[in-house]
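In: Sequence and predicted structure, then a few things I'm wondering about:
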Amino acid sequence: MEATESYLESVKKQFLYYKMLGEKSIDQLEPQQLFVSVNEDTNSIATIIKHISGNMLSRWTDFLTSDGEKEWRNRDAEFENDLQSKEEVLDVWNKGWDCFLGALNGLNPEQLSDIIYIRNEGHTVIEAINRQLAHYPYHVGQIVFYAKQLKNGDWDSLSIPKNKSGNYNAEKFAKEKEIKNFTDDELKRLK
């Protein structure tokens, strides 16, 4: 497999992994908990999702031919909590992810060195993907952290459970060495 093809396969799996972490966190909460904000300087999970989705729609709609900061995007409005239900939150979440993953799945390895623009700053497609590989997991981490606090007990671990590292490692080292993406097993485990 060519390096650029391997890169695309790897980042697709990583983004799907982080999408699933967000969804598994949301699933553990009561609907009203998605709208909790502890003070004026924090965002609720619903607001974080609205921001991620807004970013995805702006960055990845016609991203090869238009600037990633679309004229129609109102970034400041992404931080106004006007969503009213869990269904609305999930619709916004899915709309953003569908746009982003559709763009990613539509790429050919030869396009990874193409130049695209975000706020008039040129990036290769690889740089734009990497930029989001830092940005989206940053916000998914906020969602997971906040969800764990809101759940306040009975949390279904999304990674290696507390005090289970030895078991996890024993299971991993009991298998033959193989080359694969770390998300392969994690995506199966979390489904």
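Out: Good, I have the coordinates. Residues are numbered from 1 along each chain as shown.
In: tell me the contacts of residue 52?
Out: For residue 52, the contact set (C-beta atoms under 8 Å, 6 or more residues apart in numbering) comprises 93, 96, 136, 139, 140. Placement of C-beta: from N, CA and C, glycine included.
In: what would those residues look like in CSV with pLDDT and distance to residue 57?
Out: Shown next, in CSV, are the contacts of residue 52 (pLDDT from 0 to 100; distance: C-beta to C-beta, whole Å):
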residue, pLDDT, distance to residue 57
93, 98, 12
96, 98, 6
136, 98, 13
139, 98, 15
140, 98, 17
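In: Now restrict these to buried residues only.
Out: Using 16 or more other C-beta atoms under 10 Å as the burial test, the contacts of residue 52 include 93, 96, 136, 139, 140 as buried.
In: Can you tell me how far the third one is from residue 143?
Out: Residue 136 sits at a distance of 10 Å from residue 143 (criterion: C-beta to C-beta, to the nearest Å).
In: Same check on the first one?
Out: Taking C-beta to C-beta as the measure, residue 93 falls 10 Å from residue 143.
In: Mutual contacts of these two, please.
Out: With C-beta under 8 Å, 6+ apart as the test, residue 93 and residue 143 both reach 22, 26, 49.
In: Could you double-check that the second one lies in contact with residue 143?
Out: It stands for residue 26. Yes - contact criterion C-beta atoms under 8 Å: residue 26 and residue 143 qualify, at 7.3 Å.
In: okay, these two: which has more neighbours?
Out: residue 143 (24 against 21; other C-beta atoms under 10 Å).
In: Go through stretch 104-118 and flag the buried ones.
Out: Those would be 104, 107, 112, 116, 118, for stretch 104-118 by 16+ other C-beta under 10 Å.
In: On the strand side of things, show who the last one bridges to.
Out: Residues found in beta-bridge contact with residue 118 (criterion: DSSP bridges) are residue 121.
In: Let me know the distance separating residue 121 from residue 67.
Out: Distance from residue 121 to residue 67, by C-beta to C-beta: 9 Å.
In: Find residues that contact each of those two.
Out: In contact with both residue 121 and residue 67: no residue, using C-beta under 8 Å, 6+ apart.
In: In terms of neighbours, single out the busier of the two.
Out: Neighbours per residue (other C-beta under 10 Å) separate residue 121 from residue 67, with residue 67 holding more: 16 against 11.
In: wait, doesn't the more buried one sit right on residue 120?
Out: Yes - taking contacts as C-beta under 8 Å, residue 67 lies within contact range of residue 120: 6.7 Å.
In: a helix runs through residue 6, doesn't it?
Out: Yes - Residue 6: assigned to a helix according to DSSP: H, G, I helix; E, B strand; the rest coil.
In: Who are the contact partners of it?
Out: Taking C-beta under 8 Å, 6+ apart as the definition, residue 6 has no contacts.
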